[in-house]
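>>> Sharing a model prediction with you, sequence too.
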Amino acid sequence: MFMSKVLVTGVLAASCVGMLTSARVMAQEDGFKAGNTTITMDGYIKFDTIGVRTSDGDFIADQLRDMYIPGATPVGGQDSEESLTMHAKESRFSFKTNTDLGTGTPLRGLIEMDFGPGREMLNGTSGTNRAAVNLRHAYFQYGAWGFGQTWSTGLFGPAILESLNFFALSEGMFTPRQPQIRYTNGPFAIAFESPTTTAQVNGSDTSLASLKSEFGDGLLPDVVTRYSFKAGNAQLALIGVLRQLEVDGRVSNFGASSTPTIDETETGYGVGVAGNVALGGATELKFMAFGGSGTGRYSGLGFAPDVVVADDGSEMEAVDHVSLNVGLAHKLNTRWRTNIGFGMEKADLEGDKLSDKSWSGLINLLYSPTKSVTVGAEVKHGQRELVDGTDGKQTRLQFSAKYNFGA
């Protein structure tokens, strides 16, 4: 009996070794190697506790408490509301690949998921608090060419202020993450990106949230360019967007006075600048500014619509808008740091109940006892105003604990 057990154990062990050898999977200090591909994993676990107070009614959906969204601040003179939200949905994981094709040019890939802050829950807060897995990035690059879904080419990483909120300052942020084909040559990048047009009926009532209709009818992709360069102590980027806006169908907005049908096209364009300026060894000035016509969805989590449609469907116009944010990042010492920032969005609209402008400010204090762990507190206050002057505010007090892992 003993010999039989030894024999079986030996066969199983040999089989396992054989399978691992045939797959050529080997542990590395920087990941795992399978064939000619090195695979690494990283990500973070983040726990958020967020107290929110709104001045004019509650959010249209509880999930909007998860993060600050400029177009979701309730307005309209109702009673103030208070809530406490605790979640870990910003947590994420990613796999990076590096394949040696023997050409001297590596083939690199990235797949990243999170758990969808702001998304519908698969189970409520009284149960298991499950959240849907959300595709963030699925992108690969060979040489100068990249393919897949990732941040829009106009996003410039060095200009992003560190914040506990999911989208930092939100206003003024170049926010789309979408499918694209990108070509990069040194400091210059150009991409053909997925064309989606957001539309609002002129008579829509956005008091609860600036909800918009989305249309994917365009045949031509959006063209997004970025030129990055250094000037003294500054890292800077110039950004350009050119679009064909097309709406073919019925525009149905929440709170709209009508649901017109339209088949029209317009041209959209936008220009921007972003930067990071070192002000000594411990302080950085970070900023983004973007404006144009028909490019509302590219800024501030889509605060402004790309186009506005007449109540009777007789015409469609591209919406002019401007946005910006600016902030200071300061390192107090090797473990403590703080950030303070301001952002704004402004749309040129005529419908009385459409969102006209939004602004917010934040200040935080962050502590990293080790490189892998950060805890912090942040106060954020934002205000949204409609064209007719009706406004509403939200104030958020957020505590977070974050553990970075992986390569």
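Looks like it came in fine.
>>> Which residue lies closest in space to Arg65, excluding its sequence neighbours?
Thr85 (4.3 Å; CB to CB, 6 or more residues apart in numbering). From N, CA and C alone the C-beta is placed, and that goes for glycine too.
>>> For the host helix or strand of that neighbour, what does the pLDDT average out to?
In this assignment (DSSP states H and E), Thr85 forms part of strand 81-87. Mean pLDDT, computed over strand 81-87, is 95.
>>> from now on call the first residue 33
Sure, I'll start numbering at 33, so the last one becomes strand 113-119.
>>> which stretches of the stretch 83-232 of the chain form helices?
Counting by DSSP state H, counting those that start in this stretch, the stretch 83-232 of the chain has no helices at all.
>>> got any ranges where it has weak pLDDT?
Along the stretch 83-232 of the chain, the model assigns pLDDT under 70 to residues 151-163.
>>> the strands in it, which residues?
Using DSSP state E, counting those that start in this stretch, the strands found in the stretch 83-232 of the chain span residues 113-119, 124-131, 139-146, 166-174, 177-183, 209-217, 220-225, 229-233.
>>> Give me whichever of those is most buried.
Most buried of the strands of the stretch 83-232 of the chain, by mean neighbour count (mean count of other CB atoms under 10 Å): strand 229-233, with a mean of 26.
>>> Tell me the strands beside that strand, with direction?
Applying DSSP bridges, strand 229-233 is found paired with strand 245-247 (antiparallel), strand 339-341 (parallel).
>>> export it as PDB, just CAs?
The C-alpha trace of strand 229-233 is given here as PDB (Å, rounded to 0.1, in the frame of the first residue of the first chain):
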ATOM      1  CA  THR A 229     -22.000  62.000 -30.000                       C
ATOM      2  CA  THR A 230     -23.800  63.100 -26.900                       C
ATOM      3  CA  ALA A 231     -27.000  65.100 -27.500                       C
ATOM      4  CA  GLN A 232     -29.600  67.000 -25.300                       C
ATOM      5  CA  VAL A 233     -32.900  68.500 -26.300                       C
END
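>>> hmm, back to that, export the strands of the stretch 83-232 of the chain to CSV and tack on distance to Lys434?
Putting the strands of the stretch 83-232 of the chain into CSV (distance: least, CB to CB, whole Å) gives the following:
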stretch, distance to Lys434
strand 113-119, 13
strand 124-131, 11
strand 139-146, 13
strand 166-174, 17
strand 177-183, 20
strand 209-217, 20
strand 220-225, 29
strand 229-233, 32
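>>> Quick one, which of these gets closest to Asp254.
If you check each of the strands of the stretch 83-232 of the chain against Asp254 by CB to CB, strand 220-225 wins as the nearest, at 4.5 Å.
>>> now the strands for the stretch 233-382 of the chain?
Counting by DSSP E, counting those that start in this stretch, the segments of the stretch 233-382 of the chain that form strands are 245-247, 254-263, 266-282, 293-310, 315-325, 339-341, 348-350, 352-363, 368-379.
>>> Kindly compare burial across these and name the winner.
strand 339-341 comes out most buried of those by mean count of other CB under 10 Å, with a mean of 27.
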